[in-house]
Every structure is written in C-alpha cells, then in structure tokens.
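In: I'd like to go over a predicted model; first the sequence, then the structure.
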Amino acid sequence: MLINAGRVLMLFVWAFLLLNVIHPFPKPLTYFVNVALFFMVIMHGLQLVLMRTTQPKGAEKLSGLMQAKVFFFGVFELLAWQKKNFPKQ
C-alpha cells in the first residue's frame, strides 16, 4: 500500500519537474527546479544501472517496461521488485 502511494508521489514529482521544462517558472525558482530535475535523472539512472549490473548471470534480463518503471519510480519500484522476488523466509 505504501509502495503504491510512493509511486503516485513520484509521478507528481516528475510532473512538477517536467512542467518547468514546458512552462518555465519565475526566474529564481526555475534554476532550482532544473537542478532538481538533473539530479533526479542522474539518481534514477544510477539506480537502474546498479540494478542491471548486480543481476546474477543466470537471472532473466530486465524487460524494457521494468527498466522504465525503475527509472520513473526509483526506490519504490526496487522495493516492490524485492518484495516480489525475495519473500520473507
């Protein structure tokens, strides 16, 4: 339940950051939002790269949809993936 709430929150964050690209905010705010967008793209890209490189050799490759979900939802998608693939023992 909380993972889904986090996903929705991330959609709102992405929408806010991308809104600045389409319709720039007033001058001082636009710089901060651009830096936040850059930071978000770098961090989520690094999460995706780390997930892809730490996959075991025998595991199936990540689908394009899964990679997109990890990029857009970040840690919330990683938590959902971990919960699905590694249930409590």
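Out: Perfect, thanks for sending it.
In: and the one residue sitting closest to the centre of the chain, what does it touch?
Out: With distances taken as Cα atoms, centre = their mean, the residue of the chain nearest its centroid is residue 74 (2.7 Å). Applying Cβ atoms under 8 Å, 6 or more residues apart in numbering to residue 74 gives the contacts 10, 43-44, 47. Placement of C-beta: from N, CA and C, glycine included.
In: Which of those residues fall in helices?
Out: If you go by DSSP state H, those have 10, 43-44, 47 in helices.
In: now, which of those sits nearest residue 62?
Out: Ranked by distance to residue 62 (Cβ to Cβ), the ones in helices among the contacts of residue 74 are led by residue 47 at 12.1 Å.
In: Tell me how far the nearest residue to the closest one once chain neighbours are set aside lies from residue 44.
Out: For residue 47, ignoring the flanking residues on the chain, the nearest one in space by Cβ to Cβ, 6 or more residues apart in numbering is residue 74 at 5.7 Å. For residue 74, the distance to residue 44 equals 5 Å [Cβ to Cβ, to the nearest Å].
In: Please apply the same query to residue 53.
Out: Distance, residue 53 to residue 44, using Cβ to Cβ: 15 Å.
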